[in-house]
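In: Starting from these lines, generate the structure:
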Amino acid sequence: MPITVIIPTRLRSLTNQQKRIAIEGVKVSEVIERMEQQYPGIRAKLIFDGSAYHFINIYVNDNDIRLHDGLATNLQDGDIVTILPALTAD
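Out: Okay, the predicted model is just below:
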């Protein structure tokens with residue numbers, strides 16, 4: 001069973017307007033690399049120099065990866081990875 005990744009509205013132009021994608025991977029970093037293969041340009045919107053941008057929040061089953069192992073956080077079949085850009089006040 002693959003990992004489900006929930007894509008925020010801001011990044012859906014890179015995923016052919018898909019809100020959710022199913023992808024294989026055992027670590028968050030691997031999921032992002034596989035997403036990059038299918039949807040070129042998405043990695044640059046999420047990570048820089050081996051870490052998630054400070055304005056991008058990534059959760060695995062509602063748990064912030066920054067409180068665990070970051071991009072090295074392990075995944076299991078059926079996990080849900082949620083990508084949330086930080087909100088900004090205009």
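
In: Give the buried residues for the helix or strand hosting residue 21.
Out: Following DSSP states H and E, one finds residue 21 within strand 20-23. Across strand 20-23, burial judged by 16 or more other CB atoms under 10 Å covers 21, 23. Glycine gets a C-beta too; all of them are placed from N, C-alpha and C.

In: Check stretch 19-32 too.
Out: Neighbour counts over stretch 19-32 (16+ other CB under 10 Å) mark 21, 23, 25, 27, 28, 29, 30, 31, 32 as buried.

In: can you pull out the helices in this structure?
Out: Here the chain has its helices, by DSSP state H, at 28-38, 42-46.

In: Check which helices and strands the shortest one is in contact with.
Out: Translated: helix 42-46. Contacting helix 42-46 under the criterion 3 or more CB pairs under 8 Å, 6 or more residues apart in numbering; DSSP states H and E are the following elements: helix 28-38, strand 56-60.

In: In the protein, what helix or strand scores lowest on average pLDDT?
Out: The weakest-scoring helix or strand in the chain, judged by mean pLDDT, DSSP states H and E, is strand 51-52 (a mean of 90).

In: what's the spacing between the closest residue to residue 33 other than its chain neighbours and residue 78?
Out: Using CB to CB, 6 or more residues apart in numbering and skipping the chain neighbours, the partner closest in space to residue 33 is residue 43 (7.1 Å). Separation of residue 43 from residue 78 (CB to CB, to the nearest Å): 23 Å.
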